[in-house]
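Enquirer: pasting the sequence and the predicted coordinates here, then a few questions.
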Amino acid sequence: MARAPLRVCIDARLKGGGESGGVEQVIIGLASGLSEIAQSGEEYLFLMRPGQEEWLLPYLKGRCSILHVKTSAVQHNDPTPAHRRLSFLESVIELFPRAVRRNLEALRKVVELLRLREYKRQLRVPQSDGAIEEAGVDVMHQTLQAGFLTSVPCIYHPHDLQHRHLPQNFSRKEIAWRDLTYRALCEQAKLVAVSSSWVKQDIIRQFTIPQEKVKVIPLAPPTAAYPTPSKEDVAAAKRKFGIDGPFIIYPAQTWRHKNHIKLLRAVTLLADKGCMVQVVCTGKKNENHDLLAAEMRKLKLEKQVKFLGFVSPLDLQCCYELARAVVIPTKFEAASFPIWEAFAMGVPVACSNVTALPEQVGDAGLIFDPDNPAEIASAIERLWHDDALREQLVERGRVRLSQLSWVETARIFRAEYKRLANRHSNVSDEAAIARSSPC
C-alpha cells in the first residue's frame with residue numbers, strides 16, 4: 001500500500017502589501033523555491049485567511065496550494081472584572097482638573113502597572129484552530145513570529161529578539177507578548193530556524209534554548225522570484241515616481257529602528273559640502289513617517305528625498321536598476337533582504353555595523369556606525385563618487401551571493417521536513433542538510 005504524501009503547511013496568514021516586511025519576503029521565497037523542487041509524494045499547503053491570497057498566488061505552482069484557516073476573525077474575550085475596575089478608576093482620574101491630575105500621576109502609573117500585570121495574567125499563546133490537523137499535515141512550518149500551539153511537529157522562525165535589545169521601540173504589552181509567545185513557540189518547535197549565527201547565539205542566550213535545536217538556514221533575495229523589468233518598465237517607473245538623475249535607495253518600512261532619521265541628517269551633512277545626493281526610500285509608511293516628514297521639512301530636504309511607500313515587486317526591481325547605491329542605516333536586523341537584493345541586482349552596498357549585518361555583508365560592502373551621521377555621510381560620498389569602488393563591491397557581492405538561492409533554501413527545508421515527519425531521507429536530502437551552516 002502506497003504511503004500518504006508528505007504534507008507540509010507553511011504559515012502565510014498575512015495581508016500582503018508590504019505590511020509585514022521581511023516575513024512576507026520569506027514566505028514568497030519559500031513559495032517560489034518549493035514550487036520549483038516539489039516532487040511526487042509531496043504537498044505544500046500555505047495557511048491563509050480567506051480573501052488575503054492575492055499577494056502570494058503568483059508564486060504558487062505545481063504541488064503548492066492554499067489551505068484556509070477555519071476561523072479568520074480574532075477572538076476577543078470580554079473584559080475581566082479587574083480590567084473593568086481599572087478602566088473605571090482611569091475614567092475617574094480624567095474627571096479631575098488638569099492641575100489635580102498632575103498630582104495623581106503616581107496613581108496613574110500604579111494603574112498602568114496593575115493593567116500590565118492583569119494583561120500578563122491573561123496572556124496565552126493561541127491554540128491551532130484545527131485546520132492543519134484536519135488536513136493531515138505532517139509538519140507545520142511557522143514562518144510568522146505569531147504562531148500557535150499544535151501537536152503537529154513544528155519548525156519555528158522567531159526571526160529576531162529586537163524587543164530585548166531595543167525595548168524603547170515597544171510597549172510593555174508588546175514586550176510581554178513577544179517574550180511569552182517566542183519562548184513558548186521555541187520550546188514547542190522541533191527545530192528553530194534562524195538566518196545568521198548572530199541570531200542563533202542570541203536566541204540560545206536569551207531563551208536558554210539547546211544549541212542543537214537552533215539551526216542557521218540561509219535565506220536568499222526574494223527578487224529572484226520577482227518579474228524581471230524590461231527597459232520600458234524601468235522608463236515607466238522613472239516617470240511614475242518622478243525620478244530624475246542618480247540616487248541612493250533605502251528599501252525599508254518606516255519603523256523607528258530602521259533609522260531613516262540619521263540617513264536624513266547624513267544627507268544634510270553632504271549637502272553642506274556641496275554634494276547633493278538624491279535619496280529614494282521604499283517601504284510602507286507607518287505611524288513613524290510623520291516624524292520623518294517633519295524632519296525633512298526642518299532640514300529642507302523635500303527636493304532631495306522621496307518616500308515612495310510600498311511599491312510592487314516589479315517597481316522595486318526597477319528602482320534597484322536605477323540606483324547608484326543601496327544604503328542601510330538600520331539599528332537592528334536579523335538579516336537584511338535589501339543587502340541580498342542589492343548583490344543580486346549588481347548595486348553596491350553600505351550598511352550599519354550592528355547585529356548580523358557585518359557577518360552578512362562581509363567584504364562586499366562599506367560599514368558604518370548607524371548612530372553617527374558623519375560616518376553614514378562618508379560611506380555615501382565614497383559610493384557616490386568612486387566608480388572603481390562600486391565595481392569592486394558589486395563583484396564581491398556577486399561572489400557572496402553565488403551559493404544562495406530560494407531553490408537551495410527550499411531543498412534544505414524539504415530535508416528537514418522529511419526528518420521531522422520520519423520520512424526516508426536520500427543522499428540529496430543529507431547533502432542539503434550538510435550544506436546548511438552549522439554555526
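Expert: Okay, I see it. As the structure is a prediction and not an experimental result, all values here were calculated from the model.
Enquirer: tell me how this structure divides into domains.
Expert: Here the domain assignment for the chain is 6-74+132-220+406-435, 229-401, based on automatic domain parsing.
Enquirer: any regions of the chain where pLDDT drops low?
Expert: In the prediction, the chain carries residues with pLDDT under 70 at positions 1-2, 18-20, 72-112, 114-116, 119, 435-439.
Enquirer: and if we set it to 80?
Expert: The chain contains residues with pLDDT under 80 at 1-3, 17-21, 71-122, 222-227, 425-439.
Enquirer: what are the boundaries of the strands in it?
Expert: All strands of the chain, identified by DSSP state E, fall at 6-11, 42-48, 64-68, 139-142, 154-156, 191-194, 214-216, 248-251, 279-282, 305-309, 325-328, 349-352, 365-368.
Enquirer: tabulate those (TSV), appending mean neighbour count.
Expert: For the C-beta atoms, the positions are set from N, CA and C on the backbone; glycine is no exception. Formatted as TSV, those follow (neighbours: other C-beta atoms under 10 Å):
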stretch	mean neighbour count
strand 6-11	24
strand 42-48	23
strand 64-68	17
strand 139-142	26
strand 154-156	24
strand 191-194	25
strand 214-216	19
strand 248-251	24
strand 279-282	22
strand 305-309	18
strand 325-328	26
strand 349-352	26
strand 365-368	22
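Enquirer: among those, which is nearest residue 394?
Expert: strand 349-352 (9.0 Å; C-beta to C-beta).
Enquirer: how about that closest one as PDB, C-alpha atoms only?
Expert: What follows is strand 349-352, C-alpha atoms only, in PDB (Å, rounded to 0.1, in the frame of the first residue of the first chain):
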ATOM      1  CA  VAL A 349      26.100  48.500  -0.600                       C
ATOM      2  CA  ALA A 350      26.900  50.400   2.600                       C
ATOM      3  CA  CYS A 351      25.300  49.300   5.800                       C
ATOM      4  CA  SER A 352      25.300  49.500   9.600                       C
END
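Enquirer: adding distance to residue 113, write the domains of the chain out as JSON lines.
Expert: Formatted as JSON lines, the domains of the chain follow (distance: least, C-beta to C-beta, whole Å):
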{"stretch": "domain 6-74+132-220+406-435", "distance to residue 113": "9"}
{"stretch": "domain 229-401", "distance to residue 113": "24"}
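Enquirer: which one of the ones you listed lies nearest to residue 120?
Expert: Using C-beta to C-beta as the measure, domain 6-74+132-220+406-435 is the one of the domains of the chain that comes nearest residue 120, at 5.2 Å.
Enquirer: ok now the closest one, how far from the chain's centre?
Expert: From the chain centre to the centre of domain 6-74+132-220+406-435 is a distance of 12 Å (C-alpha atoms, centre = their mean, to the nearest Å).
Enquirer: one more: stretch 365-385?
Expert: Distance, centroid of stretch 365-385 to centroid of chain: 24 Å (C-alpha atoms, centre = their mean).
Enquirer: same check, this time on stretch 121-135
Expert: Relative to its chain's centre, stretch 121-135 lies at 23 Å (C-alpha atoms, centre = their mean).
Enquirer: for that stretch, buried residues please.
Expert: For stretch 121-135, the neighbour count (16 or more other C-beta atoms under 10 Å) marks 125, 128, 129, 131, 132 as buried.
Enquirer: mind checking the end-to-end distance for that stretch?
Expert: Using C-alpha to C-alpha, to the nearest Å, one end of stretch 121-135 lies 33 Å from the other.
Enquirer: neighbouring contacts of it?
Expert: Stretch 121-135 has contacts (C-beta atoms under 8 Å, 6 or more residues apart in numbering) with 7, 9, 45, 47, 67-71, 77, 80, 140, 147-152, 176-177, 180-181, 184-185.
Enquirer: the stretch 251-400 of the chain: helices as residue ranges?
Expert: For the stretch 251-400 of the chain, the helices defined by DSSP state H, counting those that start in this stretch occupy 260-272, 289-299, 313-322, 337-345, 357-361, 373-385, 387-401.
Enquirer: among the ones you listed, which is the most enclosed?
Expert: Mean neighbour counts were compared across these using mean count of other C-beta atoms under 10 Å; the top stretch is helix 337-345, at a mean of 25.
Enquirer: can you show me the CA trace of that one as CSV?
Expert: Provided in CSV are the C-alpha atoms of helix 337-345 (Å, rounded to 0.1, in the frame of the first residue of the first chain):
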residue,chain,number,x,y,z
PHE,A,337,17.0,41.3,2.4
PRO,A,338,18.0,44.6,0.7
ILE,A,339,21.6,43.6,1.0
TRP,A,340,20.9,40.3,-0.8
GLU,A,341,18.7,42.1,-3.3
ALA,A,342,21.5,44.7,-4.0
PHE,A,343,24.0,41.9,-4.5
ALA,A,344,21.6,40.2,-6.9
MET,A,345,20.9,43.4,-8.8
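Enquirer: contacting residues around stretch 371-381?
Expert: For stretch 371-381, contacts defined as C-beta under 8 Å, 6+ apart pick out 248, 262-263, 265-270, 273, 275, 277, 325, 327, 329, 331, 350, 366-370.
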